[in-house]
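In: Sequence isn't available, so here's the structure alone:
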């Protein structure tokens, strides 16, 4: 009986340990970060940020989203300024997802290993007094790569700012701005001015920068390629200091107080040379002087003399017929078919009648 009790006690202890172990291993799963989370204007940041229980702000959702994950907007709303510390995608596709930042930055990125994508967002800095109430729409202090697709940024000192002061100094930070609309930013639309020896490569494609003091600023450590974009209606189009800004075709700069200029133009952008006009030789026949025959007076001439007279006048002897004539007129031309002194075409045959 004592053995049986001991065995029961041992079994209970094992079950207790196993149960405790299960709790220890399963409890963290309740706090695991999701690779896809959601925000909504009617959400709550205490929620798990699932589609059925979304969060309210990007800042609330980012802590519940795994590195490399995506935060999507379920509806049109303002989702607040956010600081990004890891690889993430903020996606407002299909909605009017926005960030309103007054007196601060809209999006700040601080991780030199982060690959960040901002897609279909409206980032606005509001201050009715100055017109540029925000600092920077997107500010990258450190990032590995940054891509903006379909993003609108307005009302900031700088639309996109790339100081990159704490980025990895051993790599180029690649920044792609595609279908981006930057307007009413008081200092610059895009400011690519790395500090502390950092370097960046910027591609601006199918984008618009307007009504800003400076459209595109490129400083030491940066290089930019611009294609199919408009840098118009600004105070200055391009400002480059120790940097190159390349024209990759299809760009316009109009209405700026000062356009400045691209460093160079890609060879593919140069207009195709107009093919040399080949002048085909035109055949102009050498005019042949027209010749005519003034029919001579043949009446009373012998046949031989009539032939000679016609040849000399550029006519030919035609049909010769004979008719009865007085003895004195026999063998001589009695009449001619073409009257004398008539101008006819050279070679015209003149028929005559001889007396017999």
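Out: Cool, the structure landed. All values reported here derive from a predicted model rather than from experimental measurement. Residues are numbered from 1 along each chain as shown.
In: can you list the residues that contact stretch 107-118?
Out: 68, 81-91, 99, 123, 137-149, 151, 166-168 (C-beta atoms under 8 Å, 6 or more residues apart in numbering). The C-beta positions use only the backbone N, C-alpha and C, and glycine is treated the same way.
In: Of those, grab the buried ones for PyMOL.
Out: Buried residues within these, by 16 or more other C-beta atoms under 10 Å, are selected in PyMOL with:
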select buried, resi 81+82+84+85+86+87+88+89+90+91+99+123+137+138+139+140+141+142+143+144+145+146+147+148+149+151+166+167
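In: Strands - which of the contacts of stretch 107-118 land there?
Out: Those of those mapping onto strands are 68, 82-84, 88-91, 99, 123, 137-142, 145-149, per DSSP state E.
In: which stretches of this structure have low pLDDT?
Out: Across the chain, the ranges flagged by pLDDT under 70 are 1-31, 127-130, 283-290.
In: quick one, helices of it?
Out: Ranges of helices in the chain, per DSSP state H, are 2-26, 58-62, 303-312.
In: Could you find the closest non-adjacent residue to the spatially most central residue of the chain?
Out: For the chain, residue 228 is the residue whose C-alpha lies nearest the centre (C-alpha atoms, centre = their mean; 3.6 Å). Once flanking residues are discounted, residue 228 sits nearest to residue 250: 3.9 Å by C-beta to C-beta, 6 or more residues apart in numbering.
In: since we're on the one you found, how many residues are nearby?
Out: 13 (other C-beta atoms under 10 Å).
In: What's the separation between the closest residue to residue 51 other than its chain neighbours and residue 329?
Out: Using C-beta to C-beta, 6+ apart and skipping the chain neighbours, the partner closest in space to residue 51 is residue 38 (5.0 Å). Note on residue 38: its distance to residue 329, by C-beta to C-beta, to the nearest Å, is 131 Å.
In: ok, now residue 55?
Out: 136 Å.
In: higher neighbour count, the two?
Out: More crowded of residue 55 and residue 329, by other C-beta under 10 Å: residue 55, with 26 against 16.
In: how much space between residue 87 and residue 62?
Out: Here residue 87 is placed at a distance of 11 Å from residue 62 (C-beta to C-beta).
In: Quick check: neighbours shared by the two?
Out: Applying C-beta under 8 Å, 6+ apart, one finds that no residue jointly contacts residue 87 and residue 62.
In: if we can go back for a sec, which residues does the residue nearest to the centre of the chain contact?
Out: 205, 206, 249, 250, 251.
In: From those, keep the buried residues only.
Out: Among the contacts of residue 228, the ones that count as buried by 16+ other C-beta under 10 Å are 205, 251.
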